[in-house]
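Undergrad: pasting the structure only:
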């Protein structure tokens with residue numbers, strides 16, 4: 001197993017164990033999840049069950065991708081700083097000007113510029129992949145816990161807001177009646193136990209690590225880019241290269257950050273840790289949180305299977321089949337010479353397709 005996969009294995013193993021429990025409950029004859037029969041119709045069960053399995057797979061995929069790009073960031077940073085430190089040490093052998101010293105730490109050719117740009121990509125993709133893992137995990141939590149909200153429109157942030165209200169929700173807490181199981185029931189207690197883990201980010205990293213991650217992802221994806229600063233790092237008082245420190249307040253505009261720095265010093269704009277240390281830490285924190293949530297979700301799934309009346313599954317968490325918009329985008333260029341006549345699936349994939357009633361001899365049952 002690759003090293004980057006091994007690093008996230010505790011979390012991927014936990015989510016895979018949950019997925020295995022869900023897969024075991026697929027009903028190839030009736031469609032969807034077998035013990036949901038009597039709660040929701042087979043069409044809702046088939047769509048919701050398949051999306052649940054896909055979300056589990058998606059959590060693992062996102063964590064593995066995050067681990068890979070964290071490793072790529074480390075390699076790229078080492079390569080850049082190896083060359084820059086060598087130039088700086090050579091320059092130190094003779095008298096030099098300030099401009100010459102600065103130049104040794106800047107990109108000297110197209111290859112270095114490309115690696116510098118890749119370094120920015122690795123940071124962005126790490127933040128996006130980790131937040132993506134949590135957004136996908138949010139869907140898993142909602143379905144496993146039987147919470148009556150729109151699964152396709154709920155991300156980790158919205159789940160956290162909902163989870164904060166869960167233990168005390170009622171008519172005056174901004175939560176619609178019927179979203180959770182009834183207060184005082186065993187089912188409500190099991191929902192709360194899972195949602196309490198969702199809100200316990202403090203157990204998996206330093207103060208505000210999760211808020212920092214989500215705000216950073218939001219800025220990278222939706223906001224104007226922040227100014228980058230190159231800062232020299234040293235080892236045994238000798239130049240060892242540069243880093244681009246990460247902003248301490250990722251959702252601030254640069255003007256806000258610089259006004260604040262005018263009172264506290266420029267270094268107050270940035271995290272004290274190196275970007276590599278931050279990415280390593282965020283990866284580990286998300287994996288720790290994901291593993292804890294997945295294990296509690298697995299136990300809740302087993303409990304619901306043993307007693308389906310514990311929490312009633314709601315069909316209202318999934319949109320009607322004919323509500324999805326239809327795009328007419330043709331793509332670019334000529335059609336690719338593809339062949340869809342013969343497609344191979346592994347046995348578990350075939351089982352999922354049969355439970356979703358999507359095989360050739362079943363798809364007519366959808367009535368479309």
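TA: Now that the structure is in, tell me what you want to look at. Note that the structure is a prediction, hence the values are computed from the model and not measured. Residues are numbered from 1 along each chain as shown.

Undergrad: name the helices or strands packed onto the helix or strand containing residue 74?
TA: For residue 74, the element it lies in under DSSP states H and E is helix 42-91. Contact here means 3 or more C-beta pairs under 8 Å, 6 or more residues apart in numbering; DSSP states H and E; on that basis helix 42-91 packs against helix 3-7, helix 9-23, helix 98-104, helix 110-145, strand 238-243, helix 275-306, helix 347-355. In this view, the C-beta of every residue, glycine as well, is placed from N, C-alpha and C.

Undergrad: for stretch 346-355, give the mean pLDDT please.
TA: Averaged across stretch 346-355, pLDDT comes to 86.

Undergrad: show residues contacting the strand or helix carrying residue 164.
TA: Using DSSP H and E, residue 164 sits within helix 156-165. Here helix 156-165 makes contact (C-beta atoms under 8 Å, 6 or more residues apart in numbering) with 131, 134-135, 137-138, 141-142, 147, 149, 154, 173-175, 179, 195-196, 198-199, 214.

Undergrad: now these: which count as buried?
TA: Taking 16 or more other C-beta atoms under 10 Å as the criterion, what is buried in these is 131, 134-135, 137-138, 141-142, 147, 149, 154, 175, 179, 195, 198-199, 214.

Undergrad: show me which of the residues you listed is closest to residue 20.
TA: Closest to residue 20 out of the buried ones among the contacts of helix 156-165 is residue 137 (16.6 Å), distances taken as C-beta to C-beta.

Undergrad: could you list the low-pLDDT ranges of this protein?
TA: Low-confidence regions of the chain, defined by pLDDT under 70, span residues 1, 168-176, 368.

Undergrad: so what's the one residue sitting closest to the centre of it up against?
TA: In the chain, the residue lying closest to the centroid (C-alpha atoms, centre = their mean) is residue 133, at 2.0 Å. Shown in contact with residue 133 (C-beta under 8 Å, 6+ apart): 58-59, 62-63, 66, 286, 290.

Undergrad: how about a cut-off of 6 Å?
TA: 59, 62-63 (C-beta atoms under 6 Å, 6 or more residues apart in numbering).

Undergrad: what subset of those is buried?
TA: Judged by 16+ other C-beta under 10 Å, buried ones among the contacts of residue 133: 59, 62-63.

Undergrad: dump these into a markdown table; add distance to residue 14 as well.
TA: Shown next, in a markdown table, are the buried ones among the contacts of residue 133 (distance: C-beta to C-beta, whole Å):
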| residue | distance to residue 14 |
| --- | --- |
| 59 | 10 |
| 62 | 14 |
| 63 | 10 |
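
Undergrad: and which of those is nearest to residue 338?
TA: Of all the buried ones among the contacts of residue 133, residue 62 has the smallest distance to residue 338: 27.2 Å, by C-beta to C-beta.

Undergrad: against residue 72, how distant is the closest one?
TA: Distance from residue 62 to residue 72, counting by C-beta to C-beta, to the nearest Å: 16 Å.

Undergrad: now do residue 278
TA: As judged by C-beta to C-beta, residue 278 and residue 72 stand 15 Å apart.

Undergrad: show me which of the two is the more surrounded one.
TA: residue 278 (22 against 17; other C-beta atoms under 10 Å).

Undergrad: show me the contacts for the more buried one.
TA: Applying C-beta under 6 Å, 6+ apart to residue 278 gives the contacts residue 246.

Undergrad: go ahead and confirm residue 290 touches residue 13.
TA: No. If you go by C-beta atoms under 6 Å, residue 290 and residue 13 don't touch, sitting 10.7 Å apart.

Undergrad: tell me which of those two has more neighbours.
TA: For residue 290 and residue 13, the more surrounded residue by other C-beta under 10 Å is residue 290, and the numbers stand at 27 against 13.

Undergrad: now the more buried one, nearest residue through space, not along the chain?
TA: Leaving aside its chain neighbours, residue 290 sits nearest to residue 11 (4.4 Å; criterion: C-beta to C-beta, 6 or more residues apart in numbering).

Undergrad: quick one: the one you found from residue 154, how far?
TA: Residue 11 is 21 Å from residue 154, by C-beta to C-beta.

Undergrad: again, but for residue 280
TA: 29 Å.

Undergrad: what does residue 38 give?
TA: To residue 154, residue 38 is 25 Å away according to C-beta to C-beta.

Undergrad: okay, buried residues for stretch 207-220 please.
TA: For stretch 207-220, using 16+ other C-beta under 10 Å, the buried residues are 209-210, 212-217, 219-220.

Undergrad: next, format those residues as JSON lines and append secondary structure and distance to residue 190.
TA: Output for these, formatted as JSON lines (DSSP: H, G, I helix; E, B strand; the rest coil; distance: C-beta to C-beta, whole Å):
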{"residue": "209", "secondary structure": "helix", "distance to residue 190": "27"}
{"residue": "210", "secondary structure": "helix", "distance to residue 190": "24"}
{"residue": "212", "secondary structure": "helix", "distance to residue 190": "31"}
{"residue": "213", "secondary structure": "helix", "distance to residue 190": "28"}
{"residue": "214", "secondary structure": "helix", "distance to residue 190": "27"}
{"residue": "215", "secondary structure": "helix", "distance to residue 190": "31"}
{"residue": "216", "secondary structure": "helix", "distance to residue 190": "33"}
{"residue": "217", "secondary structure": "helix", "distance to residue 190": "30"}
{"residue": "219", "secondary structure": "helix", "distance to residue 190": "36"}
{"residue": "220", "secondary structure": "helix", "distance to residue 190": "36"}
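
Undergrad: which of those lies closest to residue 267?
TA: residue 212 (17.1 Å).

Undergrad: please consider this matter closed, and thank you.
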